[in-house]
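# task: produce atomic coordinates for the following.
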Amino acid sequence: ADPMGIVVATAVAGAVEQVGMPEGRIPLAQAVTYLASAPKSNASYLAVDAALKDVEEKKIGGVPLHLRNAPAKGMADLGYGRGYKYPHDFPGGQAEQEYLPPELAGAQYYRPKDIGFEKTIQERLVARLSKAAPPGKCKKKS
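Predicted coordinates for the structure are as follows:
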């Protein structure tokens, strides 16, 4: 539930590689105490496994057309990129549009716990979902 855990772990691995032992024991000890005291969550692990299961077990179409790049005119004529909403052009950097294929529209894989930084992520998702279009639909820009 602390996304900085991976940052700490990889930083310490680099530090130990650079300074060697026995000095490397100091950043290792700091990382161990940080990680041991951090709130724990397997929400990301469960999310990726659930998404992989859907990909393996369900007949899923391709990436929605509005998310596809159209580097050639023919692709644009087929609808590639049509209706795409560039998130950076919207308040909060979030555009209301479906990112999943129609077969998975509305699916929710990541379910953050109410602890650690995941609580903040959960609040962001709840705020976003309260403004979102119904599953599988994109709100049209007026």
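# what residues are up against the most centrally placed residue in the chain?
Residue closest to the average C-alpha location in the chain (CA atoms, centre = their mean): residue 110, at 8.1 Å. Listed by CB atoms under 8 Å, 6 or more residues apart in numbering, the contact partners of residue 110 are 43-44, 47, 125. For glycine as for every other residue, the C-beta is placed from the backbone atoms N, C-alpha and C.
# give me the buried subset of the residues you listed.
43-44 (16 or more other CB atoms under 10 Å).
# just flag the most distant two among the contacts of residue 110.
Across the contacts of residue 110, the longest distance by CB to CB is 13.3 Å; it joins 44 and 125.
# so the residue nearest to the centre of the chain, which of the three states?
coil (DSSP: H, G, I helix; E, B strand; the rest coil).
# need the pLDDT of it.
For residue 110, the pLDDT comes out at 92.
# helix or strand: which one has residue 95?
Per DSSP states H and E: residue 95 is located in neither a helix nor a strand.
# then residue 129?
Residue 129 belongs to helix 116-131, assigned by DSSP H and E.
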